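Q: What follows is a predicted protein model with its sequence.
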Amino acid sequence: MKARSYTQQKVHPGSYPLSGLLKCPEYGSSMVQGNSSSRYKYYQCSKNKNSGKIAFSSNLVKKEYAEETIIDQVNVFLKDINLFPYLESATNSFLSIELDPLHKFSDKIKGCFLIDCCYFDQTLIRC
């Protein structure tokens, strides 16, 4: 039997990466996509979008302003911390996990050559 579920198509096209992450300053609920037209794009209080303007005010925030502000704040935060030690540690840890088996295999191959082979007049021959 087929499931009768489906994914609802978006009413308004576009990307709203901060939907659900921004919070309404008045009600504390999530800010979601809200368009008044294709030209004007906003984040609006989800309580307003779901319940209507009579129950809750929309608390509109321009999409461009919100996203630029968040990017600026993240950049300031990243400039204030030194990520190099963390990146170096993570990289070395990852490389060690990847390279350790290769080093063991390399040592095993070298051991085989030393045991099973010898040189005669600068030519490698099997003993």
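A: Ah, there it is. This structure is a prediction, so every number in the text was calculated from the model and none was measured.

Q: Please enumerate the strands of the protein.
A: Assigned by DSSP state E, the chain shows strands spanning 31-35, 41-45, 61-62, 117-120, 123-126.

Q: got the angle between the second one and strand 31-35?
A: Going back to what we said before, that points to strand 41-45. 140 degrees (axes from the mean of the first three to the mean of the last three CA atoms, to 10 degrees).

Q: partners of strand 41-45 in the sheet?
A: Using DSSP bridges, the strands paired with strand 41-45 are strand 31-35 (antiparallel), strand 61-62 (antiparallel).

Q: mean pLDDT lowest for which of those strands?
A: Among those, strand 31-35 carries the lowest mean pLDDT, at a mean of 86.

Q: And the contacts of it?
A: Applying CB atoms under 8 Å, 6 or more residues apart in numbering, the contact partners of strand 31-35 are 12, 14, 16, 18-20, 22-24, 41-46, 49, 58-61, 66. Placement of C-beta: from N, CA and C, glycine included.

Q: Low-confidence ranges, this protein, go.
A: 1-3, 7-13, 36, 111-127 (pLDDT under 70).

Q: Next, name the residue at the spatial heart of it.
A: Pro17 (11.9 Å; CA atoms, centre = their mean).

Q: Excluding residues flanking it in the chain, which one is nearest that one?
A: Excluding the flanking residues, the one nearest Pro17 by CB to CB, 6 or more residues apart in numbering is Glu67, at 7.2 Å.

Q: Please enumerate the helices of the chain.
A: 46-51, 63-80, 84-116 (DSSP state H).

Q: Just name the most buried of the strands paired with strand 41-45.
A: strand 31-35 (a mean of 21; mean count of other CB atoms under 10 Å).

Q: could the strands paired with strand 41-45 be laid out in CSV, adding distance to Val74?
A: Formatted as CSV, these follow (distance: least, CB to CB, whole Å):
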stretch, distance to Val74
strand 31-35, 17
strand 61-62, 17
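
Q: To Leu102, which of those strands lies closest?
A: Ranking these by proximity to Leu102 (CB to CB) places strand 31-35 first, at 48.9 Å.
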